[in-house]
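Visitor: got a structure for you, letters missing:
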């Protein structure tokens, strides 16, 4: 979803006599020019990761999706166009589970966060909220999920089961808490949306990736899509022209994730000018954004990665718990004003910045006061008790994902939501080589350090932003991909579904076992 940095363009119906198609083409032309320049600029950096044919095919998919975004004109046509692009893209990327997952990861970050309601069926006015990501999940992930469920050869180890149950438990709890106050249609809609947004991506990504070659192939497509969106953001800033009007919102948190993935894929080669150029592109777009949450997330990512590589895992864990506990104590005791003043000094460059920081602090204070009244399973009708925080748009903007979760599902819900990440952290921190002080374990230690640092950074970032559109999918992938990577070491590697058999030796230096 390319970032819109600044004011919005006028709607098509508010632009006088301008024809929508001509207006869209005028916006499309510079975006295609950015595509061409990014294709030339990035190919050297991605050359070791993707073959020339794979690289060109990925860009062809980006161009096709961009054409649909700008020329569809209507939401139903947009949905149909995206479904067609997704279907063709998975075959273009090699087919099978790997091709479908690569197409999903590439397209979900290229598409803008458009959404619309499907309904007006009998007495049902709102059946399902559709987004580009949900269409991609339906088209690309449903088949692989059914195929994986029918694959009796592939068995998960016992340590994965608690993570699976924790992921499912939070979705079930949300629906259960809504049941007394909702209709059957609403509950069915919540179930379908949970499956498309969370369970399908988690299930397929955590089980379908069975070789490191496949993992790097998928992550390369994800980073390529994010690098394209960064190129659009940088171009918008320097051109002082905004090419995406109502098609998208400001989605700045992903730059932290992009930076982390690129560090995993090409971190040791950062001195090469092509690789350093991609870093400059991603960091540049991060600097140009209005949101300060991603800046904090990027700093947390860097500090976490440094700590993981310099300290042993016990020392890092103790330091992390100490800092987290200190933050909680500061908030409870009221000593957090020092931190608020520090943030205001660093990020409060304008009245709007100061207002945003103060609003978040007031939101946290009011939410904590409400949670003291009903802490365990959330606060019924909390919106009516937070009217003082209503914004100019007439909404109460819960720009803190943890507050939103706690108000909806209470402390129990918040604990269940975080439980899979805690379990994954425990497993990942056991990997040898995560610290330079430990014995090396191939790329496993480097991969684990990167993903632990990214997860910590993103979990900090959502303290300053809401979760919607692509954000939940990115978070669940941060959980699913390490599960898939760690499972490669300890499980018998079956033939990947519809993928060429792995050859040679595994990532741990032992021959791959195929049965």
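Guide: That came through fine. What you see is a predicted model, and the numbers here were worked out from it, not measured in a lab.

Visitor: just to check, residue 363 is in contact with residue 400?
Guide: Yes: if you go by CB atoms under 8 Å, residue 363 and residue 400 touch, sitting 6.1 Å apart. Using the backbone N, CA and C atoms, a C-beta is placed for each residue, glycine as well.

Visitor: in the chain, which helix or strand is least confident?
Guide: Sorting the helices and strands of the chain by mean pLDDT, DSSP states H and E puts helix 254-266 at the bottom, at a mean of 50.

Visitor: quick one: the next helix or strand after that one to chain centroid distance?
Guide: Scanning forward in sequence from helix 254-266 by DSSP states H and E, the next helix or strand is helix 273-288. A distance of 19 Å separates the centroid of the chain from that of helix 273-288, by CA atoms, centre = their mean, to the nearest Å.

Visitor: remind me what helix 273-288 packs against, helices and strands.
Guide: Applying 3 or more CB pairs under 8 Å, 6 or more residues apart in numbering; DSSP states H and E, we find helix 273-288 packed against helix 20-46, helix 212-239, helix 254-266, helix 293-310.

Visitor: so which of those gets nearest residue 136?
Guide: Closest of these to residue 136 is helix 212-239, at 11.8 Å (criterion: CB to CB).

Visitor: could you check the angle helix 273-288 makes with the closest one?
Guide: 50 degrees (axes from the mean of the first three to the mean of the last three CA atoms, to 10 degrees).

Visitor: which helices and strands sit right next to helix 212-239?
Guide: Applying 3+ CB pairs under 8 Å, 6+ apart, we find helix 212-239 packed against helix 20-46, helix 52-71, helix 96-110, helix 254-266, helix 273-288, helix 471-490.

Visitor: quick one, helices of the stretch 401-515 of the chain?
Guide: In the stretch 401-515 of the chain, the helices defined using DSSP state H, counting those that start in this stretch lie at 401-428, 444-461, 471-490.

Visitor: how about those in a markdown table, adding mean pLDDT?
Guide: What follows is these, written out as a markdown table (pLDDT from 0 to 100):
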| stretch | mean pLDDT |
| --- | --- |
| helix 401-428 | 91 |
| helix 444-461 | 86 |
| helix 471-490 | 84 |
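
Visitor: can you tell me which of those helices is packed in deepest?
Guide: helix 444-461 (a mean of 23; mean count of other CB atoms under 10 Å).

Visitor: can you check which of the helices of the stretch 401-515 of the chain gets nearest to residue 31?
Guide: Closest approach to residue 31 among the helices of the stretch 401-515 of the chain (CB to CB): helix 471-490, 22.8 Å.

Visitor: quick check: angle from that closest one to helix 96-110?
Guide: Using the same axes, to 10 degrees: helix 471-490 against helix 96-110 is 150 degrees.

Visitor: please state the offset of helix 471-490 from the chain centre?
Guide: Put simply, helix 471-490 sits 12 Å off its chain's centre (CA atoms, centre = their mean).

Visitor: and it, what does it pack against?
Guide: On a contact count with 3+ CB pairs under 8 Å, 6+ apart, helix 471-490 meets helix 160-178, helix 200-208, helix 212-239, helix 254-266, helix 401-428, helix 444-461.

Visitor: now do 10 Å
Guide: On a contact count with 3 or more CB pairs under 10 Å, 6 or more residues apart in numbering; DSSP states H and E, helix 471-490 meets helix 96-110, helix 132-136, helix 160-178, helix 200-208, helix 212-239, helix 254-266, helix 401-428, helix 444-461.

Visitor: wait, which of the ones you listed is closest to residue 284?
Guide: That would be helix 212-239 among the helices and strands packed on helix 471-490, by CB to CB, at 5.2 Å.

Visitor: so for that closest one, mean pLDDT?
Guide: In this model, helix 212-239 has a mean pLDDT of 88.

Visitor: same check on stretch 109-120?
Guide: Stretch 109-120 shows an average pLDDT of 78 in the prediction.

Visitor: list the buried residues in it.
Guide: Using 16 or more other CB atoms under 10 Å as the burial criterion, the residues of stretch 109-120 that qualify are 109-114.

Visitor: likewise stretch 426-439?
Guide: Those would be 427-429, 431, 433-435, for stretch 426-439 by 16+ other CB under 10 Å.

Visitor: possible to save the residues you listed as a markdown table with distance to residue 315?
Guide: Listed next are the buried residues of stretch 426-439 as a markdown table, based on distance: CB to CB, whole Å:
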| residue | distance to residue 315 |
| --- | --- |
| 427 | 19 |
| 428 | 16 |
| 429 | 11 |
| 431 | 16 |
| 433 | 16 |
| 434 | 12 |
| 435 | 9 |
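
Visitor: closest to residue 185 out of the helices and strands packed on helix 273-288?
Guide: Between the helices and strands packed on helix 273-288, helix 254-266 lies closest to residue 185; by CB to CB that is 32.4 Å.

Visitor: list the contacts for the closest residue to residue 235 other than its chain neighbours?
Guide: Leaving aside its sequence neighbours, residue 235 sits nearest to residue 34 (CB to CB, 6 or more residues apart in numbering; 5.0 Å). By CB atoms under 10 Å, 6 or more residues apart in numbering, the contact set of residue 34 is 2, 66, 228, 231-236, 239, 243.

Visitor: quick check, nearest of the residues you listed to residue 194?
Guide: Proximity of the contacts of residue 34 to residue 194 (CB to CB) peaks at residue 2, which lies at 27.3 Å.

Visitor: can you read off the pLDDT for the closest one?
Guide: Residue 2 carries a pLDDT value of 43.
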